[in-house]
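**Student:** Here's a sequence, model it:
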Amino acid sequence: MKSKLVSVAFAGVVCAMMLAVSCTTVRTVVLKHETGESVVLAGAQPAALAWLPVSGVPLRVRSTYLPSSNTVDYVEGRDFVVDYSNGTLARTRQSRIPDFQTNMLYGQEDFDHSRFPGYGNEDFFVYVDYPLTTPVAWPVQSSQAEFLRNTQMKLKKGGPFKIVAFGDSITAGSNVSGAEDVFWQRWAGDLEHRYPQAQIAVLNRATGGDTSTQGLERLQAKVLDEHPDLVLIGFGMNDHNVPKFGVPLEQFERNLGVMVTRIRQETSAEIILYSALPPNPKWKFGSHHMADYATATERVARRFSCAYVDVFDNWQLLAKRKKPEDLLANDINHPNDFGHWIYYRVFCSIGLTQH
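**Tutor:** Predicted structure coming up:
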């Protein structure tokens, strides 16, 4: 059964849990402060933050995900106004914040991206830091340590340890500002910090545009020939597209099963399967059944006793107040830097790294 997430107030005595998973196996992280949350602002329309900010505590709103010498810090009252009770931001008339109404895809429905050369949202994001009025349990992810015992043993022992990241353009890091911001790179950095005795090598073997069928064709050269210790597998985004471009759900599930079987037959690697974010519902070529592909990914993980990272449900929980455009770098299906942070935080909850 697909995991259902429950948001839990920090002050409450409510047990955040997934269906069919006991409370003792669920790892929850209490989020008290949001850092670098992305949003686009159109005209003077209010845009919602994921959570309610503490009233009266100034928000930091800037032009880049990570502060740098090129960062523009926007000023409340001059560039934006805040409705603290509703948790929204809006541009002022004289704002220096880019107006999302000038984005070529603004207002487009059922759009074909190929008709809009130069599309994308990178030039329109602002990034917000703020404390939460009520801390929340997010992400909610069951510990996967029982499926990663060999990984933990090897990391503790030390010596060479090879991780292969395998998937589509999301895993490849398309539209991310820097390689260090890709979710699995950040997570691997945490592994290096926790297990300094391990000599961790992380290989990017993802290919933009691939479905699970194409991934299966590349499995030998991209994964098996590398003789990895741990393989991260993330497909589904391209599989879920309309029939002409995608892969039917049943075939997708079979493809993942074959990948897992072959990796186990030909290497000693353990495997982490992870679901994908939902793409922009206004995009013409999405079937918009990503929940089904996430469920299928989890089924494969359960059938083969692999680790599973529930990106899809946790993304939905954080983004329930936000526009898809707030999080999509290409306005279609690539997470921006903050979107990769969402993936990263869920990975951090599976039991290998400290929070």
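
**Student:** Neighbouring strands - and their directions - for the helix or strand hosting Glu34?
**Tutor:** Element membership for Glu34 (DSSP states H and E) is strand 26-39. Strand 26-39 pairs in its sheet with strand 126-142 (antiparallel), by DSSP bridges.

**Student:** Following the chain onward from the strand it pairs with, which element is next?
**Tutor:** helix 149-157.

**Student:** what pLDDT, on average, does that following helix get?
**Tutor:** Averaged over helix 149-157, pLDDT sits at 97.

**Student:** what about the longest helix in this structure?
**Tutor:** helix 249-266 (DSSP state H).

**Student:** which residues of the stretch 1-150 of the chain fall in strands?
**Tutor:** With DSSP state E, counting those that start in this stretch, the ranges of strands along the stretch 1-150 of the chain come out as 26-39, 47-48, 60-62, 73-74, 80-83, 88-91, 126-142.

**Student:** want to throw these into CSV with mean neighbour count, mean pLDDT and distance to Asp310?
**Tutor:** In this view, the C-beta of every residue, glycine as well, is placed from N, C-alpha and C. Output for the strands of the stretch 1-150 of the chain, formatted as CSV (neighbours: other Cβ atoms under 10 Å; pLDDT from 0 to 100; distance: least, Cβ to Cβ, whole Å):
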stretch, mean neighbour count, mean pLDDT, distance to Asp310
strand 26-39, 18, 87, 11
strand 47-48, 20, 98, 23
strand 60-62, 19, 98, 30
strand 73-74, 16, 98, 34
strand 80-83, 18, 98, 32
strand 88-91, 21, 98, 28
strand 126-142, 21, 97, 6
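
**Student:** Of all the ones you listed, which one is nearest Gly209?
**Tutor:** strand 26-39 (24.1 Å; Cβ to Cβ).

**Student:** gap between the closest one and the chain center?
**Tutor:** 13 Å (Cα atoms, centre = their mean, to the nearest Å).

**Student:** Kindly report the same for stretch 237-255.
**Tutor:** 20 Å.

**Student:** Go through it and flag the buried ones.
**Tutor:** Met237, Asn238, Asp239, His240, Asn241, Gly246, Val247, Leu249, Phe252, Glu253, Arg254, Asn255 (16 or more other Cβ atoms under 10 Å).

**Student:** Now do the helices in the stretch 151-300 of the chain.
**Tutor:** Counting by DSSP state H, counting those that start in this stretch, the stretch 151-300 of the chain has helices at residues 169-172, 183-194, 212-222, 249-266, 290-303.

**Student:** Packed most tightly, which of these would that be?
**Tutor:** The highest mean neighbour count among these, using mean count of other Cβ atoms under 10 Å, belongs to helix 169-172: a mean of 23.

**Student:** so the closest residue to Phe183 other than its chain neighbours is in which element?
**Tutor:** Leaving out its chain neighbours, the residue that sits closest to Phe183 by Cβ to Cβ, 6 or more residues apart in numbering is Tyr343, at 3.6 Å. Using DSSP H and E, Tyr343 falls within helix 337-347.

**Student:** quick revisit: can I get the strand holding Glu34 in CSV? Just the C-alpha atoms.
**Tutor:** Coordinates of each C-alpha in strand 26-39 appear next as CSV, following Å, rounded to 0.1, in the frame of the first residue of the first chain:
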residue,chain,number,x,y,z
VAL,A,26,9.4,6.0,11.1
ARG,A,27,12.0,8.7,11.2
THR,A,28,10.7,12.2,11.4
VAL,A,29,12.6,15.4,11.4
VAL,A,30,11.3,18.5,13.1
LEU,A,31,11.6,21.4,10.8
LYS,A,32,11.8,24.7,12.7
HIS,A,33,13.4,27.0,10.1
GLU,A,34,13.2,27.1,6.3
THR,A,35,16.3,28.1,4.4
GLY,A,36,16.4,28.9,0.7
GLU,A,37,12.8,28.1,-0.1
SER,A,38,12.2,29.1,-3.7
VAL,A,39,9.2,31.1,-5.0
